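Asks: take this sequence and fold it.
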Amino acid sequence: MPINATAGGVPDTNSGSFSNLDLLSSSNVKPEDNRFWAHMGAIYIVSAVALVLLLGFSKDVSRLRARFMSTLPRGGESHSVLITDIPCLDGHGAAAPVKAMNKLRHTISKVRAPGQSDFKDTELGPSYSSPYEGYKAIEDEVLDPWADARNQLAQGDAESMVRNEMETTYGADKVVAVNVVYDTNKVDPKLQRYDQLKSQLSDITDDFISKIKRRKTNIKRKQITLLPALATKWAKEKYQVGAKPVKVDALEYLPGEMDHLYQEMKADRESIKDSHVPAAFVTFNDRACANSAATGLQTYDETAWRVQPAPGDDEIIWNNLGMRYKQRSARTIIVWAVFIVILIFYLPVTAAIQAVVNLDNARKIPGLGKVADIPFITQVLQGILPGLVLKIFLIILPPILALMAKFEGKISVSTVDFSVVRRYFIFQVFATFIYQFLVGSALSNIQGMISGGISTIVPLLGVSAAQTATFFMSYIMINALGVGMGLLRVVPLIIYFIKDKLAGTERAKYRNWAKQPFSFGTNVANHTIILLLGLAFTCLAPLIAPFCLLYFTLALMVQKYQLIYVVTLPYQAAGRMWIDCFNQIMTGIYFMQAMGICVLLVKRFNFALLLLPLIVMTVAFHVVNLSLFKRPWTLMSLKEAAVLDARDHGDVSPSEVEAVKKKYLSPVFKVDEEEHVRVINEAIQVDKQLKGEPNDLRLEEEEEDAVKKTEDV
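Replies: As a prediction, this is how the structure comes out:
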């Protein structure tokens, strides 16, 4: 900054707007000035420090991931894999294809050589025969996973086929559990309705219990309106619902409707056990086999038997397990096309906003000129408003990207978040950085470009490139304030305060605060884009560095506190998100070097091309680092798996096998019958209490259980 400030390169009147902050940037350095040696040296130093830190972080992530994986219990994600694209399970490929070329190929591939008793395989060569006795080429029917699946399904069921496939590869003693995923699309709407009724009945029961404890008299019973279009057949018959809505007593209707749905689901569960989606969870006896299965190639056909580490059961998106590779690939193309369209349509909007919030343009708007000259308004327009407006437009994007990822076929919450991190970062790079950089540079010097002609465009952009850092400083400050306000959690506090006042019991209050959500997809992408902005401008406009320091200091304090004490993590990714962070930080380093060499060339610094070796070394570092650490960031080493298996002493126990089987069952099969009976019985006892009939309602035990549950959490 002292080198920039003392350069004295104040541009002429055609150079556009120029503030005192720009005196501290490279915009104040005259063309061909030897001061640019300092900027070149700064780019080399910052790049070297960043790369050394990244190397250290990469080693730490590999080590910490290995330590975390060693803490996972047996029988769950550590010993299980998810298999997708299983042949023929959903009917796809179940019919054997009949093709004349196949018959012809099999006819000519086996011919008897003159004077020999063995067949020769002409497909491997016109005169090929194995020089080793007893070694012949595998038959196509064995190599073809679809033909093999058809043969196995003809002899057994889906579970036996999956088990046989894994036992053939890893041994019969290594496979301990197989959970073939059922097609529950028919039952899922009933389960969703059942969960809503259960939650509604629990809340109503809690409210009545609270009033009974307070010795209230003449408690008004709650009623529910049944709409003819939404009422079930059972409800229409029982309550005689015709063309008009009917009001019914909640404590009489909800238990009956819940039990009716529960019985329907029990019957449906039996009927869908012969209907499968092409996916299964397989649990092995040791980590070594699970790791080998998750990282190996099961068949030569990549559209069949695709194996990956099993996600946690609480983050699985069950409806997406039925998609096959080709369907997911087609949807991925559609999603990227939609993403590009959103980006293209977003850019003109940001350009219009950039033009309006520009102070000079704002003064030209009729009626706004005098207002814009007020000192306070001027400071807001120059400092806060541009970044605030851009931030507001970006807030709505992550939920849209999450929906796109689910449509794409992501099978878990973590993979949805990874997709949001990647696409949200890409979107911000183009919309927040590149487009705002180009538009900001052009708008701040539009008059100079018009009056000076085409020949002045390049020099003016060289001046204005560092000037646009002022906008990004305001944007970083807005993000820092947003992160700081996250400690107060104003909106969640207001929502909790309202719900807490409406909650009737300790159990109802517990549900309000027990699980506070946290989105890695949004937060990680926000951190990396701020780091990109800081790296890109730190050598041209060093004043941006303190703003980045403020942001990351607040982010460290606030989000570390929240992650430890406030929010409930939706999953544990075991460091798998670091590869996205690494690539995005490397993108920031590339932008810093590219902007540096471009500005130096525009400023006619004769030695600007000396930055090219640095770019080459950075690319080499990126490639080598990924080749060294990509697999340790996402996979478990075979030695680590063997060491952990030796530590566990023995096979997976029968109780652990049963737990795994329940763990990877579809939610339709996890409805707790005891909980179902308890909720309905509690409602029945409350109903009797309100009617003055003898009952078994124990208010003291209810309160003690709720308080103990809260204390345990």
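Asks: switch to C-alpha atoms for all contacts and neighbour counts from now on
Replies: Will do.
Asks: what's the residue most central in space within the chain in contact with, if anything?
Replies: Centroid-nearest residue in the chain, with CA atoms, centre = their mean: residue 417, separated by 0.8 Å. Residue 417 makes contact with 402, 519-521 under the criterion CA atoms under 8 Å, 6 or more residues apart in numbering.
Asks: rerun that using 7 Å as the cut-off
Replies: 520-521 (CA atoms under 7 Å, 6 or more residues apart in numbering).
Asks: okay, and it sits in which element?
Replies: helix 413-428 (DSSP states H and E).
Asks: kindly format the C-alpha coordinates of that helix as CSV.
Replies: Written as CSV, here are the backbone C-alpha positions of helix 413-428 (Å, rounded to 0.1, in the frame of the first residue of the first chain):
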residue,chain,number,x,y,z
VAL,A,413,-28.0,-35.3,1.8
SER,A,414,-24.2,-35.0,1.8
THR,A,415,-24.0,-35.5,-2.0
VAL,A,416,-26.7,-32.9,-2.4
ASP,A,417,-24.6,-30.5,-0.3
PHE,A,418,-21.5,-31.3,-2.3
SER,A,419,-23.4,-30.4,-5.5
VAL,A,420,-24.7,-27.1,-4.0
VAL,A,421,-21.1,-26.2,-2.9
ARG,A,422,-19.8,-26.8,-6.5
ARG,A,423,-22.6,-25.1,-8.4
TYR,A,424,-23.1,-22.2,-5.9
PHE,A,425,-19.3,-21.4,-6.1
ILE,A,426,-19.3,-21.6,-9.9
PHE,A,427,-22.4,-19.3,-10.0
GLN,A,428,-20.7,-16.8,-7.7
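Asks: distance between that helix and the chain's centre?
Replies: Centroid displacement of helix 413-428 relative to its chain, using CA atoms, centre = their mean, to the nearest Å, is 6 Å.
Asks: all helices of the stretch 1-150 of the chain, in order?
Replies: For the stretch 1-150 of the chain, the helices defined by DSSP state H, counting those that start in this stretch occupy 2-5, 36-69, 100-108, 140-143, 145-155.
Asks: point out where this structure drops to low pLDDT.
Replies: 7-28, 93-135, 140-141, 216, 350-389, 439-467, 503-508, 699-713 (pLDDT under 70).
Asks: do me a favour and get the backbone dihedrals for residue 175.
Replies: Main-chain torsions, residue 175, degrees, to the nearest 10: phi -90, psi 120.
Asks: run through the residues that contact it.
Replies: Residue 175 neighbours (CA under 7 Å, 6+ apart): 167, 283-285.
Asks: buried residues in stretch 469-486?
Replies: 469-480, 483-484, 486 (16 or more other CA atoms under 10 Å).
Asks: got the CA coordinates for that stretch in CSV?
Replies: As requested, the backbone C-alpha atoms of stretch 469-486 are provided in CSV (Å, rounded to 0.1, in the frame of the first residue of the first chain):
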residue,chain,number,x,y,z
ALA,A,469,-12.1,-4.0,-5.4
THR,A,470,-14.1,-1.2,-3.6
PHE,A,471,-17.3,-2.9,-4.6
PHE,A,472,-16.0,-6.3,-3.4
MET,A,473,-14.9,-4.8,-0.1
SER,A,474,-18.5,-3.7,0.5
TYR,A,475,-19.7,-7.2,-0.5
ILE,A,476,-17.3,-8.9,1.9
MET,A,477,-18.3,-6.4,4.7
ILE,A,478,-22.0,-7.3,4.1
ASN,A,479,-21.1,-11.0,4.4
ALA,A,480,-19.1,-10.4,7.5
LEU,A,481,-22.0,-8.6,9.1
GLY,A,482,-24.3,-11.4,8.1
VAL,A,483,-22.0,-14.0,9.7
GLY,A,484,-21.7,-11.9,12.9
MET,A,485,-25.4,-11.5,13.1
GLY,A,486,-25.6,-15.3,12.9
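Asks: chain center to that stretch, what's the gap?
Replies: The answer for stretch 469-486 is 24 Å, by CA atoms, centre = their mean.
Asks: mind checking the SS state of residue 181?
Replies: With DSSP: H, G, I helix; E, B strand; the rest coil as the basis, residue 181 sits in strand.
Asks: check contacts around it.
Replies: Counted by CA under 7 Å, 6+ apart, residue 181 has contacts 276-277, 279-280, 666.
Asks: and those, which of them are in strands?
Replies: 276-277, 279-280 (DSSP state E).
Asks: list the buried residues in the helix or strand containing residue 661.
Replies: Using DSSP H and E, residue 661 falls within helix 654-663. For helix 654-663, burial by neighbour count (16+ other CA under 10 Å) applies to 656-657, 660-661, 663.
Asks: okay, these in a markdown table with distance to residue 428 next?
Replies: Below are these laid out as a markdown table (distance: CA to CA, whole Å):
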| residue | distance to residue 428 |
| --- | --- |
| 656 | 46 |
| 657 | 46 |
| 660 | 41 |
| 661 | 43 |
| 663 | 38 |
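Asks: which one of the residues you listed sits closest to residue 39?
Replies: Nearest to residue 39 out of those is residue 663 (CA to CA; 57.6 Å).
Asks: can you give me the offset of the helix holding residue 661 from its chain's centre?
Replies: 28 Å.
Asks: what's in contact with it?
Replies: Contacts for helix 654-663 (CA under 7 Å, 6+ apart): 75-76, 176-177, 179, 313.
Asks: try it again at 10 Å.
Replies: 73-77, 79-80, 176-179, 281-285, 312-314, 653, 669-670 (CA atoms under 10 Å, 6 or more residues apart in numbering).
Asks: drop anything exposed from the residues you listed.
Replies: Buried among the contacts of helix 654-663 (16+ other CA under 10 Å): 74-77, 79-80, 176-179, 281-285, 312-313.
Asks: all helices of the stretch 201-350 of the chain, in order?
Replies: 233-239, 250-271, 287-295, 325-357.
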